[in-house]
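heads up, no residue letters with this:
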């Protein structure tokens, strides 16, 4: 299936790995594709860049690459310490990208906030006990960056369930 991102926007919330994409190099040199500055989750920004600035997206089912994560292995996925808090730096970088492109932000920001909610839920189960309070504080700080007009559009039209989730997160 080949379509513009508007028809496949749910992919923005999908796995943020760089290895599940094939990109036209010239196009992304022109658009400035880059990955984040963090050690953990640096691929979130690259994933969003690759989809937001794609002329069209081809979604296929053929396996072109595999990625194996061994439980207890030394890869970044298995880090549960303060490294896991870099997820919020990666999300801040990605939100900055959306803020710099208002038209894209209006169309896709609810997918970004949906991704944030999903990653926070995933991260809570993986951060060690000594960093849980900081994790929750960083998450609240990220949510507080949400533009009120984006929240209103999300609450009224695009994704009310996600907006409600953030209200519950903040109010408790």
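Arrived safely, thanks for sending. Every value quoted in this text rests on a predicted model; they were computed, and no experiment measured them.

need phi/psi at residue 57.
With angles defined as degrees, to the nearest 10, residue 57 sits at phi -120, psi 130.

okay, now the unreliable bits of this structure?
15, 69, 73-80, 172 (pLDDT under 70).

what helices or strands is whichever helix in it runs longest leaning on?
Under DSSP state H, the helix in the chain containing the largest number of residues is helix 102-124. In terms of contacts (3 or more Cβ pairs under 8 Å, 6 or more residues apart in numbering; DSSP states H and E), helix 102-124 is packed against helix 43-52, helix 86-99, helix 132-144, helix 148-153, helix 160-171. Glycine gets a C-beta too; all of them are placed from N, C-alpha and C.

tell me the buried residues in the longest one?
Pointing back at helix 86-99 there. Judged by neighbour count using 16 or more other Cβ atoms under 10 Å, the buried positions of helix 86-99 are 86, 87, 88, 89, 90, 91, 92, 93, 94, 95, 97, 98.

does the fifth one touch residue 35 like I think?
Read that as residue 90. No: applying Cβ atoms under 8 Å as the test, residue 90 and residue 35 come out as separate, 9.3 Å apart.

could you export the buried residues of helix 86-99 as TSV, including distance to residue 60?
Shown next, in TSV, are these (distance: Cβ to Cβ, whole Å):
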residue	distance to residue 60
86	31
87	28
88	32
89	32
90	27
91	28
92	32
93	28
94	25
95	29
97	26
98	27
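
and which of these is nearest to residue 124?
residue 87 (10.8 Å; Cβ to Cβ).

can you tell me the closest non-neighbouring residue to the closest one?
In this structure, residue 87 finds its nearest non-sequential neighbour in residue 41, 4.7 Å apart by Cβ to Cβ, 6 or more residues apart in numbering.

number of nearby residues for the one you found?
The number of residues packed near residue 41 is 25, by other Cβ atoms under 10 Å.

residue 36 in helix, strand or coil?
coil (DSSP: H, G, I helix; E, B strand; the rest coil).

just to revisit the earlier point, next, show the common contact partners of residue 90 and residue 35.
42, 45 (Cβ atoms under 8 Å, 6 or more residues apart in numbering).

closest to residue 165 out of the buried residues of helix 86-99?
Nearest member of the buried residues of helix 86-99 to residue 165, counting by Cβ to Cβ, is residue 91, at 15.6 Å.

ok, that closest one touching residue 42?
No: the criterion here is Cβ under 8 Å, and residue 91 misses it with residue 42 at 11.4 Å.

quick one: common contacting residues for those two?
Between them, residue 91 and residue 42 share no contacting residue, judged by Cβ under 8 Å, 6+ apart.
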